[in-house]
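Chemist: Show me the folded form of this:
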Amino acid sequence: QVQLVESGGGLVQPGGSLRLSCAASVSRFSINTMGWYRQAPGKERELVAITTTDGSTNIADSVKGRFTISRDSAKNTVYLQMNSLKPEDTAVYYCYYYNHIGFTTKWGQGTQVTVSS
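Modeler: Numbers count the residues shown, from 1 in each chain. Below you'll find the model as predicted:
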């Protein structure tokens, strides 16, 4: 059973920065996609940024140029560096994991990000 441990999040003023991290309890040889989705109140969950073990990434247009996703393969950990945060970035951010061999998906418990003055 894959376990995802999220950290980061919190309250930040507009224009500020936060970093989220998500560590997966999987083999370093796992072929997977990891990243982040978010869900604001009254809205559907949406993709923020994901990265695959082959190095490919997918980043939402709404955060391009402000958010960066990176991966430490040795630690099976992905990071989401969020800069120039806006109030509309306020949401619960969920870590996402997809195993390309077992075709299984796992979600983290979610971490709140609030951008407010």
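
Chemist: Which residue is the nearest non-sequential neighbour of Gly110?
Modeler: Nearest residue to Gly110, sequence neighbours excluded (CB to CB, 6 or more residues apart in numbering): Val92, at 4.4 Å. From N, CA and C alone the C-beta is placed, and that goes for glycine too.

Chemist: And the one you found, how far from Leu20?
Modeler: Val92 sits 11 Å away from Leu20, going by CB to CB, to the nearest Å.

Chemist: can you list residues touching both of the two?
Modeler: Common contact partners of Val92 and Leu20 (CB atoms under 8 Å, 6 or more residues apart in numbering): Thr111, Val113.

Chemist: of the two, who's got more company?
Modeler: Taking other CB atoms under 10 Å, Val92 and Leu20 do not tie; Leu20 has more neighbours (23 against 17).

Chemist: Specify the local secondary structure of that one.
Modeler: Counting by DSSP: H, G, I helix; E, B strand; the rest coil, the backbone at Leu20 sits in strand.

Chemist: Please report how far it lies from Ala91.
Modeler: Applying CB to CB, the value for Leu20 to Ala91 is 12 Å.

Chemist: and for the two, which residues touch both?
Modeler: Residues within reach of Leu20 and of Ala91 at once, by CB under 8 Å, 6+ apart, are Val113.

Chemist: so what's the one residue sitting closest to the centre of the chain up against?
Modeler: Against the mean C-alpha coordinate of the chain, by CA atoms, centre = their mean, the closest residue is Trp36 at 2.5 Å. By CB under 8 Å, 6+ apart, the contact set of Trp36 is Leu20, Cys22, Val48, Ala49, Ile50, Ile69, Val78, Leu80, Tyr93, Tyr94, Cys95, Tyr96.
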